[in-house]
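# pasting the structure only:
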Ligand code: GLU
């Protein structure tokens, strides 16, 4: 039945809905999708929800939302259906049953009635004796009645694989070449609750869904020999495997949601990252920059690229298997690049939700008025080149929506005011009041004439008091442009206010 499925290449991402989606789900989706697109294939989303103890209700929707936000969209999945529906494992329990029965009938699997306590004691004893840990096959070859006479018996059995001593442990990986994994233990394939474990379900589903390439995290390398045995025992053609390098923190440890907020996929939108920047960053974690030739014919590397460019040249041989470091500084830099590339309307539109959330337009998350949007559009070009994250917008923009009296003056800004600030502000006020044509150039010319030529001040000394009066901060958008946008009355009011405040 799988021959007739659409797409010569079929790959998938298979997250477990156990909490906030992990950033690794986006990273796996990206590489799967790039490979599928390159080969006119199909990318599937399958929800692996067989672990009922860790299941979280809202997690599945978050997977959809975050992947869609990133533009990593799937061709088949639980929410959109497809020829292999259902795509949620908890809805496929009947599908797995005959496969387990077949393995039992063929002697490749057996029932195990050991209680969790007995397994824990067994493991402890093995560790104490410094023997390899693994199931000791107490239940193998026994009927329930025979086993019931021994200690540590549970009424409802699990089903285990009977892993042969000489089970093959090597396989070929598209990224790593020949890989050797440790010899597997007698893996449980059906739990006491009747649910299959991941190992059985993944093999059955990858087969029935016509998956040609299994692209997943490096942590599954040790499971692959078990999966290959299941394929063999069930008489199925195994897919190709590509195990992606795990993402690591700067201290090389594995990225976990407990230790690193950036492990949560929802974090990036909250922090003001742009989806295209994150996609570019995730690609660069395991993939080289695009190489082009400059006019002189020399190769030059380009780190900034789109998903389409990434996918068009995609090859497994270029994926670097060394654990990539998740360096947020690099992402901040990339995000700044992407922010600068937005057109004005897009940039404004993306800032608005952050400004609303920070009550920049008014209390209780007020939406902007038309007048405020006009001001924001005027401010946008002044700040677009300065921002790495959209969350920085509020700090820059808020002063434009406050009256002179409400503008907070930051302590560190006040501390920078030079001696003679009062005189500087008074002179600046007189100069600004006399500007005939309210443009950036005229305002600047008037201020320079009064303070630099007239009073003989250095620019930094002359402009610091004005900057603090206008923005309340040490660092602000360009000064004269800001004054132009605020208007003459507000500019004068701010200069007066700081003078009165000294
Ligand atoms: N459900 C597994 C996970 O959450 C999928 C592993 C695989 O892709 O085979 O990582």
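The structure has been received and is ready for your questions. For clarity, every value in this text was computed on a predicted model and none was experimentally measured.

# drop to CA atoms for contacts and neighbour counts, all remaining ones
Noted.

# Helices of the stretch 51-200 of the chain, residue ranges please.
Along the stretch 51-200 of the chain, counting by DSSP state H, counting those that start in this stretch, helices occupy 59-69, 93-105, 116-128, 144-148, 198-208.

# Out of these, which is closest to residue 451?
Residue 451 sits nearest to helix 59-69 of all the helices of the stretch 51-200 of the chain, at 50.5 Å, using C-alpha to C-alpha.

# phi, psi of residue 217?
phi -70, psi 150 (degrees, to the nearest 10).

# wait, isn't it in contact with residue 241?
No. The pair residue 217 and residue 241 fails to qualify as a contact (C-alpha atoms under 8 Å) at a distance of 10.4 Å.

# on contacts alone, who are the packing partners of the helix ranked longest in the chain?
Taking DSSP state H as the criterion, the chain has its longest helix at helix 23-38. For helix 23-38, the contact count by 3 or more C-alpha pairs under 8 Å, 6 or more residues apart in numbering; DSSP states H and E identifies strand 10-13, strand 42-45, strand 213-217, helix 275-286, helix 307-312 as packing neighbours.

# now for the ones you listed, which one comes closest to the ligand?
strand 213-217 (4.5 Å; C-alpha to the nearest ligand atom).

# what does the stretch 101-250 of the chain have sitting close to the ligand?
By C-alpha under 6 Å from any ligand atom, the residues of the stretch 101-250 of the chain that approach the ligand are residue 216.

# Please name the residues that touch residue 352.
Counting by C-alpha atoms under 8 Å, 6 or more residues apart in numbering, residue 352 makes contact with residue 368.

# switch to 10 Å and redo it
With contacts defined as C-alpha atoms under 10 Å, 6 or more residues apart in numbering, the neighbours of residue 352 are 358, 360-361, 367-368, 373, 376, 390, 393-394.

# And it, which helix or strand is it part of?
helix 344-357 (DSSP states H and E).

# starting at the chain centroid, how far to that helix?
In terms of C-alpha atoms, centre = their mean, to the nearest Å, the centre of helix 344-357 is set 21 Å apart from its chain centre.

# in it, what counts as buried?
Residues 347-348, 350-357 are the ones in helix 344-357 that count as buried (16 or more other C-alpha atoms under 10 Å).

# Could you give the number of residues near residue 411?
For residue 411, the neighbour count with other C-alpha atoms under 10 Å is 11.

# Which phi and psi values does it adopt?
phi -60, psi -40.

# contacting residues for it?
472-474.

# let's see 7 Å
With contact set as C-alpha atoms under 7 Å, 6 or more residues apart in numbering, residue 411 has no partners.

# Numbering from 32 from now on, please.
Done: numbering now begins at 32, and the last item shifts to residue 442.

# so the residue in the stretch 282-431 of the chain positioned nearest to the ligand, which of the three states?
For the stretch 282-431 of the chain and the ligand, the shortest gap (C-alpha to the nearest ligand atom) falls at residue 287, measuring 13.0 Å. When classified by DSSP: H, G, I helix; E, B strand; the rest coil, residue 287 comes out as coil.

# buried residues in stretch 434-447?
435, 438, 440, 444-445.

# Same list (the residues you listed) but as CSV, adding secondary structure.
Listed next are the buried residues of stretch 434-447 as CSV, based on three-state DSSP:
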residue, secondary structure
435, coil
438, coil
440, coil
444, helix
445, helix
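
# May I see those residues organised as TSV, with distance to residue 348 and pLDDT added?
Conversion of the buried residues of stretch 434-447 to TSV gives the following (distance: C-alpha to C-alpha, whole Å; pLDDT from 0 to 100):
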residue	distance to residue 348	pLDDT
435	60	95
438	57	96
440	56	96
444	53	97
445	57	97
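
# hmm, back to that, following the helix holding residue 383, which helix or strand comes up?
Next in sequence after helix 375-388, counting helices and strands by DSSP H and E, comes helix 401-414.

# And for that following helix, what's in contact with it?
Contacts of helix 401-414 (C-alpha under 7 Å, 6+ apart): 379, 508-509, 516.

# By residue count, tell me the biggest strand in the protein.
Using DSSP state E to define each element, the chain has its longest strand at strand 184-192.

# one step back: ranking the helices and strands packed on helix 54-69 by burial, who's on top?
strand 41-44 (a mean of 27; mean count of other C-alpha atoms under 10 Å).

# roughly how far out does that strand sit from the chain middle?
Remark: strand 41-44 is offset 19 Å from the chain centroid, using C-alpha atoms, centre = their mean.

# Can you narrow the contacts of helix 401-414 down to the ones near the ligand?
Of the contacts of helix 401-414, not one also sits near the ligand (C-alpha under 6 Å from any ligand atom).
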